[in-house]
Structures are given as C-alpha cells and as structure tokens.
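Asks: Here you go, sequence then predicted model.
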Amino acid sequence: MWDYDRLFQIIAELVMHHSPSGAEAEINQLLIQRFTALGVEVWCDRADNIIAKISGQSPDRAIAITAHKDEIGAIVKTLGDEGRVEVRKLGGSFPWIYGEGVVDLLGDNETISGILSFGSRHVSHESPQKVQQEDTSVKWENTWIETKRTTAELEAAGIRPGTRMVIGKHRKLPIRLKDHIASYTLDNKASVAILLALAEGLKQPAVDVYLVASAKEEVGAIGALFFTQNQPLDALIALEICPLSEEYPVKDGEIPVLLSQDAYGIYDEGLNAQIRQCAKQLDVPIQFTTLSGFGSDASIAMKFGHVGRAACLAFPTQNTHGYEIAHLGAIAHCIDLLKAFCQTEFK
C-alpha cells in the first residue's frame, strides 16, 4: 500500500498544473519530466497524449491503462467592454460550482487572472441578477470575468475567443481531511498519479503496457480514440472517479469501484472477471456499479470499435466536477490492483 503522504504530494503537484481540454501544455511538460526521471520510454503523440511504455515479457501483446489529464473549465466567447470577458462551458462545468472568485485565462502570451462575477446582491427586480437569488441557478450566459484590463491589453496577452479559462491556481491547492484528499480536478489528476506510480513500480509485466495520460477526454475522449485507433490492444482499462450519490450503491472510503456499464455501454465481463480475480488474490475488496451520466476513455473506445475489451476502475469521489473529495486508500488500492493485474498472465 502506498504511503498516503507521498501520494497526496504527487496528486497535489499534478493538480497545480493547469490542463483545460485542448490547452494541456503545462501538465504535458511535467509528465514528460516525471516519466523520464523514472527511466521509462515516454513521448507525446499527434493527439497530445502523453504515453509511457513498459515493455513486457510477451511483446506481441499489449494493454493500455488510461487516465485523462485534461480538466473542465470554460472557453472565451467574446471580449466585452471595460475588461469584461464572456465565457461558455468547456466539458461538464457550471459557474455555481466555482462561485465568484479568481479564475485564470490562459492567454497565448500571458496568463491573466480575473474574477468570475455574478453581479451585486443588493438589488431589486429591476436588475437581471435578481432572478439568480430567487428562481434559477446562475448560468454561464449570466456571468462575466472582470479583469480591469483594456481590450488592447487583453489582446496583447493573447486573450481571444477560444482562450481557455480554469479555476485560479491558488484556489486549487489540495487539502487533507484525515485520509481523504480534497481539491478541484481530482478528476482526473489523481488517476494520472496512479499512472506515475505504476511507471515507478511496474517491472517486466506479462505483456507490453502503455500508460496513457489521455488528452481532451472531457470533450469526447478525443485523445483515447486517436490512440486506440492507431495502437492494437488486447485490452484497455480506464482509471476514473466514481460519483458518490444516493442513486448508486457505492460507499465512500478506501474500496475501489469496478464499473459494469455507463452511458456509452457495457464493459467487458471477462476483463472485469480477471480484475476481480486479482483483487481476490490481493485481498482487496471491490465495489460494483452501473453509472448513468458518465463515460470513460474505455467505454467510448469500445463503443466505437477501437478495442474489443475494456474496463473502468475507479475510486469513490464526492462533489464530482466540483471541489472533489476522495479517500487516498482507494487510490492506493487502484495502484496495487493494476500492478498485480499487469504482472499476471494475461488471457
């Protein structure tokens, strides 16, 4: 079992590197450095995936383990007057999750911080934001980012339609709640931490193993689809968060979750059985569930026929796509379970 303090620090470093979908250069640089330091072969492909390969005893066969490195956020629509920037959702983001506060605009030349703003509260029905106090939740169309910059200054920084917005870096710093970690973007930076742990601890697996920090998952699993279209695989396992909600039979804590189905289809029962067998040998309990409003690199790749067998291993997470909370033990169990899986004879 991995040391919780060390695991927390690895996840924290990943969280503090911005990676909104399609603008993932900051996390890419860190991952290439970390995989290189671990002595594994690593590269960035044409779809912006970061791929580490660990050669196996049977190089004619291969599996992949994916964890997406991109995060949700927003995308600039227009530059308004008086330094006000309008944005729209990127992935499954909602302004009420972030609340008013600092956000970062990742300009081509400079990162500009601004304040996600909803308008004053001391108002009557004559003001448009009054409806957010009484009737409906705030939507991106009702918000703006206050920068106090001129349009010329924003343009000089490379802020334009298409610029990505993410939660301000100083607001992302994770905290410990006993054996839990709490932070924005645990989806899916905690899973990327599992890839780094596997790169460190996995030696001579049964078959070639590709550890894929996939790009642009939040906007359609674009990176994983590119990779699986070009790399023949015997199986694909996606690492993910699992939402904690009353509608699902999943409990918080250190027990990981194996999915049977999500919104894109069913997972492979034979592959799931192999994972369950490894868990049994390690004496690691597993929870099982089907999810509704959810998809993963694995289920999407299998739906489009890129892989014949796919599974999704996850850790229970509160407040998914918000300020997320997960048990470090569940993340550590995923490391141990996948390490054992990769070292057993693959069928």
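Replies: In hand now; what should we look at? Numbering: from 1, shown residues only.
Asks: care to break the chain down by domain?
Replies: With domains defined by automatic domain parsing, the chain comprises 4-71+185-343, 73-171.
Asks: mind checking the end-to-end distance for the last one?
Replies: It refers to domain 73-171. One end of domain 73-171 to the other measures 14 Å (CA to CA, to the nearest Å).
Asks: For it, what is the distance to the chain centroid?
Replies: 22 Å (CA atoms, centre = their mean, to the nearest Å).
Asks: still on that earlier bit, least reliable of the domains of the chain by average pLDDT, please.
Replies: Ranked by mean pLDDT, these bottom out at domain 73-171, with a mean of 89.
Asks: Which parts of the stretch 1-150 of the chain are helices?
Replies: Secondary structure of the stretch 1-150 of the chain (DSSP state H, counting those that start in this stretch): helices at 4-15, 25-37, 95-98, 130-134.
Asks: I figured Gly308 hits Met302, correct?
Replies: Yes - Gly308 is within contact range of Met302, at 7.5 Å (criterion: CB atoms under 8 Å). Using the backbone N, CA and C atoms, a C-beta is placed for each residue, glycine as well.
Asks: Spit out the residues that contact the two alike.
Replies: Taking CB atoms under 8 Å, 6 or more residues apart in numbering as the contact rule, Gly308 and Met302 both touch Asp268.
Asks: coming back round to it: out of the helices of the stretch 1-150 of the chain, which is closest to Glu254?
Replies: Nearest to Glu254, of all the helices of the stretch 1-150 of the chain, is helix 4-15, at 10.2 Å by CB to CB.
Asks: quick one, that closest one and helix 25-37 angle?
Replies: If you take axes from the mean of the first three to the mean of the last three CA atoms, to 10 degrees, helix 4-15 sits at 140 degrees to helix 25-37.
Asks: Now do helix 4-15: which elements does it pack against?
Replies: Packing partners of helix 4-15 (3 or more CB pairs under 8 Å, 6 or more residues apart in numbering; DSSP states H and E): helix 25-37, strand 180-183, helix 186-201, helix 328-343.
Asks: The third one vs helix 328-343, what angle?
Replies: Taking the same axes, to 10 degrees, one finds helix 186-201 and helix 328-343 inclined to each other by 50 degrees.
Asks: And helix 186-201, how far out from the chain middle?
Replies: Relative to its chain's centre, helix 186-201 lies at 11 Å (CA atoms, centre = their mean).
Asks: Show the subsequent helix or strand relative to it.
Replies: Downstream of helix 186-201, the first helix or strand assigned by DSSP states H and E is strand 207-214.
Asks: which residues touch that following strand?
Replies: For strand 207-214, contacts defined as CB under 8 Å, 6+ apart pick out 27, 31, 35, 40, 49-59, 61-70, 192, 195, 198-199, 202, 221, 223-224, 227, 231, 233-234, 297, 342, 346.
Asks: One more: stretch 97-117?
Replies: Applying CB under 8 Å, 6+ apart, the contact partners of stretch 97-117 are 18, 20, 23, 74, 76, 83, 85, 95, 118, 143-149, 154, 156-160, 163-171, 321-323.
Asks: buried subset of the residues you listed?
Replies: By neighbour count, with 16 or more other CB atoms under 10 Å, these hold 18, 20, 23, 74, 76, 83, 85, 95, 118, 143-145, 147, 149, 154, 157, 159, 163-169, 171, 321-323 as buried.
Asks: so who does the nearest residue to Pro205 once chain neighbours are set aside touch?
Replies: Nearest residue to Pro205, sequence neighbours excluded (CB to CB, 6 or more residues apart in numbering): Cys342, at 4.1 Å. Residues in contact with Cys342 (CB under 8 Å, 6+ apart) are Ile54, Ile63, Ile65, Leu198, Leu202, Pro205, Ala206, Val207, Val209.
Asks: For Thr228, see how far away the closest residue to Ile51 other than its chain neighbours is.
Replies: Take Ile51 and drop its neighbours on the chain: the residue closest to it by CB to CB, 6+ apart is Val212, 5.3 Å away. Per CB to CB, to the nearest Å, Val212 is found 9 Å from Thr228.
Asks: Glu240 now?
Replies: Look at Glu240 and Thr228: by CB to CB, they are 16 Å apart.
Asks: With Ile75 instead?
Replies: Remark: distance between Ile75 and Thr228 (CB to CB) = 26 Å.
Asks: Which one of those two is surrounded by more residues?
Replies: Legend: neighbour count by other CB atoms under 10 Å for Ile75 and Thr228, higher for Thr228 (27 against 21).
Asks: My assumption is that that one lies in a strand; please confirm.
Replies: No - counting by DSSP: H, G, I helix; E, B strand; the rest coil, Thr228 is not found in a strand; it is helix.
Asks: Quick one: residues contacting it.
Replies: By CB under 8 Å, 6+ apart, Thr228 lies in contact with Ala64, Leu236, Ala301, His306, Val307.
Asks: Now neighbour count too, for the residues you listed, in JSON lines please.
Replies: Converted to JSON lines, the contacts of Thr228 look like this (neighbours: other CB atoms under 10 Å):
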{"residue": "Ala64", "neighbour count": "27"}
{"residue": "Leu236", "neighbour count": "31"}
{"residue": "Ala301", "neighbour count": "25"}
{"residue": "His306", "neighbour count": "23"}
{"residue": "Val307", "neighbour count": "24"}
